[in-house]
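**Q** 3D, please:
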Amino acid sequence: MEAVREVEETLSELRQTFKDGRTRSIAWRKKQLSSLLELVNDNEENIFRALDQDLGKHPVESYRDEIGAVKKSINHTLSNLEKWVAPKKVGLPLPMFPTSGWLLPEPLGVVLVFASWNFPISLALDPMIGAIAAGNAVVLKPSEQAPASSSFLANTIPQYMDSKAVKIVEGGAEISELLLQQKWDKIFFTGSQQVGRIIMSAAAKNLTPVALELGGKCPIILDSISSPSDLKVAIQRIVGGKWGPCNGQACIGVDYMLVEEKFAPTVIESLKKTIKRFYSESPKDSKCLARVVNKRHFERLRNLFKDPPVAASIVHGGSLDEENLFIEPTILLDPPLNAAIMTEEIFGPLLPIITVNKIEESIEFINSRPKPLAIYAFTKDANFRRRVLSETSSGTVVFNDILIQFVCEALPFGGVGQSGFGRYHGKYSFDTFSHERAVVQANFFIEFGSRYPPWNDFKNNIIRSAYNLDYLNLVLLLLGLKR
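**A** Numbering: from 1, shown residues only. So this is what the prediction gives:
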């Protein structure tokens, strides 16, 4: 009962703050964003420490994927906020002259942001940046599976930001359930499809709009590359994209790879050499690989590749250290397609390679499965690129690289189908947490009687001309030059 009371009081205070209008001020929004930037700048070492405790992330990885990403997002938002907030004039059809119209972005109200554990700082703060920029009051629910990061956010954010408009609520599933029982003006969730369904079901009871940033089995299509230098670059990017961000625990990370059968031995050898170069002969001792987040996920991953038919497909790696929650970068060649490793999102350091006779068959393979969050295709064939774009569907397509879409504010980030819906980053975050209100302003000095009954043929002709965009005929009718 105490938790219920606290949640209700928190929401009540936020609603009053929003009602008072303080969050609508552009000055207030800029102040909060600047304070958040100050928070990140002041606490780099504390963030590094929290991410190391939660996931074993190296400081370089933590800066690249979390601190740097947040700083970049805040600076971009501060630089563009006044332009985003400004009303936008729209052209109205000639028959409405001299009426004017414009679009006015307005905040939604009080929004709820659920953060994910794999990037517990950036996936908490980046959506919040958009919510504050749009003028909302915010509740942030960090992931309990990253307790050090959750504690850092809960203890630090109130020191820098308006505590009557920005609240941090910590806790596990019970607290999340309590939050979902409340009425929100929007819910933003980053996480699994399973929990996404729970979020959407709860939101439906209050007709609350949701943005779901979910995962999916993101494939790589690796076309045959004849140039050794190009292949080296491609493999480096694949290894960095698969094991670099949180050791495979990333929603846009690589889930499996499609290659032509004749090309597979070359690819596997190149992968092995690059893994060794990046993470040494003993990856377990490398400081550049994050660990599995907890024992439950460790056990889940072990079950994915320890079944005998799947284990038989391992061509590299496969060792485990349960005490330290470490799984070696592991490559599997043609595991059974009906095995869990090929039907569930892996979210870990396991890379299945699926062979096809011709690389064009990869399109059919991808289309036989739910729409992914991202497709990564390495190819120099312009015709094949066109086919990938025209014959597949995904949240994003990236040619000849991995993950770079995530750090580009000019592009929307989001899924399609089971990989989620809604989008954010940059202006798209602002739009996600805004309602673009249509405003029309008429005047009193021109009045067209043809709008009103009693009806006759003359009024019928005027209305038909207006709707058919026959403006010359309309003008002639109004001037009395045509009946």
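
**Q** and residue 171, which helix or strand is it part of?
**A** Of the helices and strands defined by DSSP states H and E, none includes residue 171.

**Q** need the phi and psi values for the closest residue to it other than its chain neighbours.
**A** Among residues not flanking residue 171 along the chain, residue 144 sits closest, at 6.4 Å (CB to CB, 6 or more residues apart in numbering). Glycine gets a C-beta too; all of them are placed from N, C-alpha and C. Dihedral pair for residue 144: phi -70, psi -10, per degrees, to the nearest 10.

**Q** so residue 144 touches residue 169, yeah?
**A** No. At 10.8 Å, residue 144 and residue 169 do not qualify as touching, with contact defined as CB atoms under 8 Å.

**Q** and residue 427, what does it touch?
**A** Residue 427 makes contact with 80, 84, 409 under the criterion CB atoms under 8 Å, 6 or more residues apart in numbering.

**Q** tell me how far it lies from residue 113.
**A** 18 Å (CB to CB, to the nearest Å).

**Q** also residue 160?
**A** From residue 160 to residue 113 the distance is 17 Å (CB to CB).

**Q** tell me how the chain divides into domains.
**A** Split into domains by automatic domain parsing, the chain comes to 2-214+424-436, 219-413.

**Q** quick one: which of those is nearest residue 450?
**A** Among the domains of the chain, domain 2-214+424-436 comes nearest to residue 450, with 9.8 Å by CB to CB.

**Q** and the closest one, how far apart are its ends?
**A** Using CA to CA, to the nearest Å, one end of domain 2-214+424-436 lies 38 Å from the other.

**Q** what about it, average pLDDT?
**A** In this model, domain 2-214+424-436 carries a mean pLDDT of 96.

**Q** quick one: that domain to chain centroid distance?
**A** With CA atoms, centre = their mean, to the nearest Å as the basis, domain 2-214+424-436 stands 13 Å off its chain's centre.

**Q** now do stretch 450-459
**A** Centroid displacement of stretch 450-459 relative to its chain, using CA atoms, centre = their mean, is 52 Å.

**Q** alpha carbons of that stretch, as PDB, please.
**A** Taking Å, rounded to 0.1, in the frame of the first residue of the first chain, the C-alpha atoms of stretch 450-459 are listed here in PDB:
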ATOM      1  CA  SER A 450     -22.700  29.100 -51.100                       C
ATOM      2  CA  ARG A 451     -21.800  27.400 -47.900                       C
ATOM      3  CA  TYR A 452     -25.400  27.500 -46.600                       C
ATOM      4  CA  PRO A 453     -28.800  26.300 -47.700                       C
ATOM      5  CA  PRO A 454     -31.200  26.600 -49.400                       C
ATOM      6  CA  TRP A 455     -29.300  24.600 -52.000                       C
ATOM      7  CA  ASN A 456     -29.500  25.300 -55.700                       C
ATOM      8  CA  ASP A 457     -27.600  24.500 -58.900                       C
ATOM      9  CA  PHE A 458     -25.500  27.500 -58.700                       C
ATOM     10  CA  LYS A 459     -24.200  26.600 -55.200                       C
END
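
**Q** show me which residues of it are buried.
**A** Residues 450, 459 are the ones in stretch 450-459 that count as buried (16 or more other CB atoms under 10 Å).

**Q** who touches it?
**A** 449, 462, 463, 477, 483.

**Q** thinking again about what came up before, distance check, the residue nearest to residue 171 against residue 176.
**A** 9 Å.

**Q** the two: who's more crowded?
**A** Taking neighbours as other CB atoms under 10 Å, residue 144 and residue 176 compare with residue 176 leading, 21 against 14.

**Q** just to check, that one is in contact with residue 112?
**A** No. Under the criterion of CB under 8 Å, residue 176 makes no contact with residue 112, lying 9.8 Å away.

**Q** overlap in contacts of the two?
**A** When contacts are counted by CB under 8 Å, 6+ apart, residue 176 and residue 112 have residue 141 as shared neighbours.

**Q** ok, residues contacting stretch 291-308?
**A** Contacts of stretch 291-308 (CB under 8 Å, 6+ apart): 54-56, 117-118, 145-146, 247, 249, 310-311, 314, 318, 320, 322, 324-327, 330, 332, 335, 339-341, 344, 346-350.

**Q** hey, where'd the strands end up in the stretch 51-200 of the chain?
**A** Ranges of strands in the stretch 51-200 of the chain, per DSSP state E, counting those that start in this stretch, are 88-90, 100-107, 110-114, 137-141, 166-168, 186-190.

**Q** okay if I get these as JSON lines plus distance to residue 45 and mean neighbour count?
**A** JSON lines is the format used below for these (distance: least, CB to CB, whole Å; neighbours: other CB atoms under 10 Å):
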{"stretch": "strand 88-90", "distance to residue 45": "43", "mean neighbour count": "11"}
{"stretch": "strand 100-107", "distance to residue 45": "34", "mean neighbour count": "16"}
{"stretch": "strand 110-114", "distance to residue 45": "25", "mean neighbour count": "27"}
{"stretch": "strand 137-141", "distance to residue 45": "22", "mean neighbour count": "25"}
{"stretch": "strand 166-168", "distance to residue 45": "20", "mean neighbour count": "23"}
{"stretch": "strand 186-190", "distance to residue 45": "25", "mean neighbour count": "26"}
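
**Q** could I get those as CSV with distance to residue 383?
**A** Output for those, formatted as CSV (distance: least, CB to CB, whole Å):
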stretch, distance to residue 383
strand 88-90, 39
strand 100-107, 40
strand 110-114, 42
strand 137-141, 46
strand 166-168, 51
strand 186-190, 36
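
**Q** indicate which one of those strands is closest to residue 152.
**A** Using CB to CB, the nearest of the strands of the stretch 51-200 of the chain to residue 152 is strand 166-168, at 10.1 Å.
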